[in-house]
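Asker: return atomic coordinates for the entry below.
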Amino acid sequence: MPVQLPATQDPDPPAPHGGNRQAAAARLGCRPAELLDASASLVPFGPPPSLRRLLRRAELTGLRDYPDRDYAGLRQAIAAWHGLDPAMVLPGNGAAELFTWAARDAVLCGTNLLPSPGFGDYRRALSCWGAGWQSLSLPKVWEEPGPCAWPLEAAASSASTAGAPAGAPAVLWLTNPHNPTGQLWSRASLEPLLERYALVIVDEAFLPLVPDGEAQSLVPQLTAHPNLVVIRSLTKLFSIAGLRLGYALGAPERLARWAGWRDPWPVNGLAAAVGQALMADQAGLRRWQQRVQRWVALEGPWLTARLAELPALRPLPSAANFLLVRSGVPGVSLDPLRLELERRHRILVRDCRSFDGLGAGWLRIGLQDRAGNRRLLRALHRAASLSSSG
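Answerer: Numbering: from 1, shown residues only. The predicted structure follows:
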């Protein structure tokens, strides 16, 4: 039986997000550039070279003037990519800002149902408005990376009426592919849910990175279902987390209501200009998306197979650009391993204690390029050697 790494106390509570490289570097006493950040799931070879040119051009016009309050050009470019009316597009300061307004809307629509384990930012958004939620427990064992059938329709139906009057409306929050498990839900299994709930909020932030993932998107259902909102992020696809840019797709009346609730200029001028240019170049966007999807298709199975060779870890199948990994020994915490990776090897992986339904026996690892993945594996082998030597 493997020997657990020496217990080490982690003084910090689990962060609700990965990717805080500056804070980690300050804590560890090193430069940010020394860290391999596998706690955030970003494309490792981005941003695209064209984005740097776009930023230089945008600096000439995007700094002095206020942004267009309607973001008409950006909305038009996003709408054209998806084949929608621009009135069905609302740009945001990253997906997180849009979750906040989705939550305010959801409070008015009924009981909120959150699959568990699940992304903690939905709970953060709901707590802004004093809203509660009910957890729907997802299975923790599955065999393929996807697409899978949605497994919780019956559970969601019964939970929607628990503690509420018969026939009470409910709001269902989904992530596709699911975060943190990486399961890809099939469109066919999700479509019936649109007839059951007062509001369905679907976070598709990672879907553009998934090979053939767009075939499972619910965007084609938007026109026929005003109770559906799809939220996307450009952060993951283009590796531009610092620019903070996402968008919501939904019924014009709903999005106009959200726009009336928030600050006048939630998206800064540089982000709006860059986003408009990136989305308007559909040929370039398609090429970049294909490159990203080839990387996921190559590195995901490669890293999964090598992690599975380590007796201390059990990686689960994932369609996304991240892997959920659980301890190979039931009841053994992976916190010492996570801290060992940080302190000795300058590698950050995602602490899963912030995900409802997970705990210290789980880690989430964002895919890197081949060199980064090899660095991670070398560190894991050294940590395993340390643990076995006592």
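Asker: who's in contact with stretch 63-76?
Answerer: The contact list for stretch 63-76 (Cβ atoms under 8 Å, 6 or more residues apart in numbering) reads 86, 89-91, 264-265, 267-270, 272, 275-276, 279. Placement of C-beta: from N, CA and C, glycine included.
Asker: so where's the protein uncertain?
Answerer: Where the chain drops to pLDDT under 70, the residues are 1-19, 60-62, 153-168, 385-390.
Asker: quick one on the thing from earlier: and the contacts of stretch 63-76, which two are furthest apart?
Answerer: The largest separation in those, counting by Cβ to Cβ, is between P264 and M279 at 22.3 Å.
Asker: so for these two, which sits in the more crowded spot?
Answerer: M279 (24 against 8; other Cβ atoms under 10 Å).
Asker: the strands in the stretch 201-350 of the chain, which residues?
Answerer: 228-233, 246-249, 313-315, 322-327, 347-351 (DSSP state E, counting those that start in this stretch).
Asker: could I get those as TSV with distance to N20 and mean neighbour count?
Answerer: Below are the strands of the stretch 201-350 of the chain laid out as TSV (distance: least, Cβ to Cβ, whole Å; neighbours: other Cβ atoms under 10 Å):
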stretch	distance to N20	mean neighbour count
strand 228-233	17	25
strand 246-249	19	24
strand 313-315	24	19
strand 322-327	16	24
strand 347-351	8	25
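Asker: distance between stretch 357-374 and the chain's centre?
Answerer: Centroid separation between stretch 357-374 and its chain, computed with Cα atoms, centre = their mean, to the nearest Å, is 14 Å.
Asker: let me redo that: stretch 225-243
Answerer: That offset, for stretch 225-243, works out to 9 Å (Cα atoms, centre = their mean).
Asker: what's the answer for stretch 35-53, then?
Answerer: On Cα atoms, centre = their mean, the centre of stretch 35-53 falls 15 Å from the chain's centre.
Asker: quick one on the thing from earlier: export the strands of the stretch 201-350 of the chain to a markdown table and append columns for distance to V219.
Answerer: A markdown table is the format used below for these (distance: least, Cβ to Cβ, whole Å):
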| stretch | distance to V219 |
| --- | --- |
| strand 228-233 | 6 |
| strand 246-249 | 6 |
| strand 313-315 | 30 |
| strand 322-327 | 22 |
| strand 347-351 | 28 |
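Asker: for A384, find the nearest of these.
Answerer: Of those, nearest to A384 by Cβ to Cβ is strand 313-315, at 9.0 Å.
Asker: the closest one - which strands sit beside it in the sheet, and in what orientation?
Answerer: The pairing partners recorded for strand 313-315 under DSSP bridges are strand 322-327 (antiparallel).
Asker: hmm, who's touching the strand it pairs with?
Answerer: 41, 140, 179-182, 206, 300, 303-304, 307, 312-316, 318, 333-334, 350, 352, 361-367.
Asker: among those residues, which are in helices?
Answerer: G300, L303, T304, L307 (DSSP state H).
Asker: the second one: how many residues sit nearby?
Answerer: Meaning L303. L303: 23 neighbours (other Cβ under 10 Å).
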